[in-house]
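1. need coordinates for the following:
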Amino acid sequence: MEKTVKRFPVIDSADCSLCQGCVAVEPDVFYFDENSGRIVVRELAEYPLVQVDEAIKNCPRDCISWDIPEKMHLSGECTEEEILGIG
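-> Residues are numbered from 1 along each chain as shown. Okay, here's the model as predicted:
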């Protein structure tokens, strides 16, 4: 049996125009955080593939993508702390 790898959506905040199209497509995954002024990805155990792919496809700035932390960590590209944003 092949091991499944958890992946999650990420937003490149520097490119995001805050159009909130991703929020309209999948509000259970994306939301506008008024405190930070950014679109944020909710922490979920699993992310809906079809809906997130739809948000990625419709993003006018192409700033949403899938990330796979296990592969990044195993390849040595970054540390677990960097993946989690605490490093």
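
2. helices along the protein, start to end?
-> Using DSSP state H, the helices of the chain run over 21-25, 49-58, 69-75, 80-84.

3. buried ones in the first one?
-> Judged by neighbour count (16 or more other Cβ atoms under 10 Å), helix 21-25 contains these buried residues: 21-23, 25. Just so you know, the C-beta spots here come from the backbone N, C-alpha and C atoms, and that holds for glycine as well.

4. touching that helix from outside, list them.
-> 11, 29-32, 39, 51, 54-55, 58-60, 64 (Cβ atoms under 8 Å, 6 or more residues apart in numbering).

5. pull out the buried residues from those residues.
-> Buried members of those, counted by 16+ other Cβ under 10 Å: 11, 29-31, 39, 51, 55, 59, 64.

6. I'd like the buried residues of helix 21-25 as JSON lines, with pLDDT and distance to residue 68 appended.
-> Formatted as JSON lines, the buried residues of helix 21-25 follow (pLDDT from 0 to 100; distance: Cβ to Cβ, whole Å):
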{"residue": "21", "pLDDT": "97", "distance to residue 68": "24"}
{"residue": "22", "pLDDT": "97", "distance to residue 68": "19"}
{"residue": "23", "pLDDT": "98", "distance to residue 68": "23"}
{"residue": "25", "pLDDT": "96", "distance to residue 68": "21"}
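
7. tell me who's in contact with the residue lying closest to residue 20 once chain neighbours are set aside.
-> If the residues on either side of it in the chain are set aside, residue 20 comes closest to residue 32, at 5.8 Å by Cβ to Cβ, 6 or more residues apart in numbering. Residue 32 makes contacts with 18, 20, 23, 38-40, as judged by Cβ under 8 Å, 6+ apart.
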